[in-house]
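**Q** Attaching a predicted model along with its sequence, questions to come.
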Amino acid sequence: MFRFFEELNNPVDICEMKLTFSTLLRSYKWLFLLIGTAFFQCVALAQNTIQLEMKWGAPKQLESFGETATVPNLLGGELDGGRPVFFYKEKSDVKMASVELVNYNFSPIPTEDFNYLKNFGFLPEEKLQLEAKVTNDRKESFLVIHLFPYIKKGEAYYRLNNIELKIVPTNQSIITTKDFAANSVLQNGSGSWYKIGIKNDGVYKIDKALLQSWGIPTEDLNPQHINIYGNGDGKLPELNSAKRTDDLAKNAIYVIGESDGTFDTGDYILFYGWGPNRWYPNGLTEFDQDKNIYSDYSYYFLNINPSEVPLRISTIPNSINPITNTVTSYSYRDIYENDLVNLVKGGQRWYGELFDTELERTFTFQVPNITSDPVFFKTAMATNCRSSAGTLQEYSVNGSVLSTSTLPSVSADYIQTTKNMILNSPPSTIPFKIKVVRTSPSTLTYLDRIVLNARRNLFFTGQQLNFRDFVSVGTGK
């Protein structure tokens with residue numbers, strides 16, 4: 001039986017392109033899927049290995065509405081929002097398989113390609129952007145490969161000549177077998193249930209006064225009859241095949257004063273709750289956030305049921321192995337994202353502050369006990385700029401410019417632009433300034449998000465400290 005919902009607000013008080021060519025890129029991108037620009041030759045190297053060879057030609061000059069641009073020349077490619085991507089599809093005899101990257105070869109990027117990618121904000125990252133998988137369409141299976149054929153190595157940029165992939169069949173019975181709970185924990189007769197909403201990751205405290213404020217009688221309440229349920233998985237995955245928690249998971253909690261069987265004034269419950277958004281490693285040095293665009297809350301459930309076995313946090317002994325690594329600093333992360341408007345009245349992308357009457361905005365990050373290690377910023381913006389000439393997007397901290405480039409242009413709607421930048425010798429207070437220069441008052445630019453990754457010295461601050469460390473992970477650590 002559900003009684004009511006209560007929000008827990010706070011954790012516990014403890015621990016250029018100078019050519020305006022985007023008209024062609026957006027309006028006619030599907031007319032140029034095959035622009036004499038990308039050629040794949042598939043050669044079977046072994047039963048489960050294939051090689052895709054890319055043959056590059058001289059850059060192509062394409063015109064639209066009197067504008068000209070030089071684009072990369074690789075047969076079979078397509079322009080996805082102006083970004084060169086390459087698609088390969090072939091029937092597969094294997095219905096269930098994973099696809100692994102074995103090797104790839106590359107050569108220095110030509111100046112024309114580099115200028116194109118730079119001016120439109122498409123410069124590659126150090127990790128190869130490849131999506132390869134076996135999919136099933138009715139009774140047929142296909143090997144599908146989606147590739148951005150450029151990569152960054154150190155400070156240099158390269159384009160791919162070929163890639164080698166390995167197809168690894170998987171056990172179909174393991175993939176298709178699903179183990180669902182026979183009955184939900186919320187079934188009739190399962191006691192009294194109370195829904196709790198939280199906004200942030202952290203340890204939460206429920207004491208006698210809070211229970212009473214919720215209308216829960218505590219006179220005859222036995223703490224040993226209390227459990228907390230919740231999954232904390234963030235937003236539900238979009239793929240039906242993705243792993244997810246079945247039903248509601250019982251959480252191990254810490255209860256002070258439950259041994260006497262009564263919930264007294266000094267008794268309380270501690271549990272760790274995950275907010276609606278989830279952070280995940282993006283490579284080996286940075287984190288990114290998967291924001292839940294459907295809810296600002298994550299929900300947990302307090303259950304009072306004398307018939308249910310309590311689950312409590314247990315104590316584990318300290319390791320007797322010798323110390324191999326001393327941690328004095330940790331990987332810190334922060335994000336600024338304010339979802340205010342959906343520019344196309346649909347889809348999942350929301351944007352925040354508008355650069356229109358105000359073309360300069362400052363977003364201040366507070367990072368106490370910051371180390372001297374570089375700070376990494378990643379930004380995302382959207383603009384409806386129709387011509388890049390004379391425009392500017394500039395990012396700076398205390399007058400020091402971190403990145404500057406023209407705005408990308410688009411013939412209709414909006415185009416997104418992302419930037420990665422580094423701040424050396426960072427201060428604890430970081431006023432991150434974004435400046436937009438436009439040539440037309442009809443040019444509107446919206447901020448999507450600012451992600452910050454830094455390192456902080458490991459000092460306890462505030463009411464509780466949640467920390468993690470990339471540097472401390474690895475063999476022998």
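**A** Nice, thanks for sending it over.

**Q** Test my guess that Tyr272 contacts Ile198.
**A** No: Tyr272 lies out of contact with Ile198 (C-beta atoms under 8 Å); the separation is 10.3 Å. Just so you know, the C-beta spots here come from the backbone N, C-alpha and C atoms, and that holds for glycine as well.

**Q** Could I get the contacting residues of Thr371?
**A** In this structure, Thr371 makes contact with 329, 454-457, judged by C-beta atoms under 8 Å, 6 or more residues apart in numbering.

**Q** re the thing from before, what's the overlap in contacts for Tyr272 and Ile198?
**A** Tyr204.

**Q** higher neighbour count, those two?
**A** More neighbours surround Ile198 than the other of Tyr272 and Ile198, with 23 against 20 (other C-beta atoms under 10 Å).

**Q** Is the more buried one bridged to anything, and to what?
**A** According to DSSP bridges, the partner residues bridging Ile198 are Leu8, Ser298.

**Q** Could you report the pLDDT at it?
**A** Looking at Ile198, its pLDDT reads 96.

**Q** Then Phe460?
**A** With respect to pLDDT, Phe460 scores 93.

**Q** what's the neighbour count on Ala382?
**A** Neighbour count of Ala382, defined by other C-beta under 10 Å: 21.

**Q** Ok, Leu458 next?
**A** When counting by other C-beta under 10 Å, one arrives at 14 neighbours for Leu458.

**Q** need the contact list for it.
**A** With contact taken as C-beta under 8 Å, 6+ apart, Leu458 is in contact with 327-330, 467.

**Q** So among those, which ones count as buried?
**A** The neighbour-count criterion (16 or more other C-beta atoms under 10 Å) marks 329-330 among those as buried.

**Q** Show me the contacts of Leu458 that map onto strands.
**A** Among the contacts of Leu458, DSSP state E puts 329-330 in strands.

**Q** quick check, nearest of the contacts of Leu458 to Pro427?
**A** When the contacts of Leu458 are ranked by distance to Pro427 (C-beta to C-beta), Ser329 comes first, at 16.4 Å.

**Q** quick one: Ile313 from Ile228, how far?
**A** From Ile313 across to Ile228, the span is 11 Å (C-beta to C-beta, to the nearest Å).

**Q** Comparing the two, which shows the higher neighbour count?
**A** A direct count of neighbours by other C-beta under 10 Å for Ile313 and Ile228 places Ile228 higher, at 25 against 13.

**Q** ok, that one touching Ile269?
**A** Yes: with contact defined as C-beta under 8 Å, Ile228 counts as touching Ile269 (7.3 Å).

**Q** Between all of the contacts of Leu458, which two are separated the most?
**A** Greatest spacing in the contacts of Leu458, by C-beta to C-beta: Thr328 and Phe467 (11.5 Å).

**Q** who touches both of Ile313 and Ile228?
**A** Counting by C-beta under 8 Å, 6+ apart, the shared contacts of Ile313 and Ile228 are Ile253.

**Q** Low-confidence bits of this protein, can you list those?
**A** Scanning the chain with the threshold set as pLDDT under 70 gives 1-47, 62-68, 76, 80-82, 138, 171-179, 475-477.

**Q** That one: helices as residue ranges?
**A** Assigned by DSSP state H, the chain shows helices spanning 22-27, 111-119, 172-176, 208-213.

**Q** got a list of contacts for the longest one?
**A** By that I understand helix 111-119. With C-beta under 8 Å, 6+ apart, helix 111-119 has contacts from 16-18, 59, 69-72, 84, 109, 122-124, 150, 157, 159, 388, 405-406, 408.

**Q** buried ones in it?
**A** Within helix 111-119, the residues scored as buried using 16+ other C-beta under 10 Å are 113-117, 119.

**Q** What's the local residue count around Glu140?
**A** Using other C-beta under 10 Å, Glu140 has 10 neighbouring residues.

**Q** And for Glu155?
**A** 5.

**Q** Now, of the contacts of Thr371, which are buried?
**A** Using 16+ other C-beta under 10 Å, the buried members of these are 329, 454-456.

**Q** List just the nearest of those to Leu239.
**A** Closest approach to Leu239 among the buried ones among the contacts of Thr371 (C-beta to C-beta): Ala454, at 32.8 Å.
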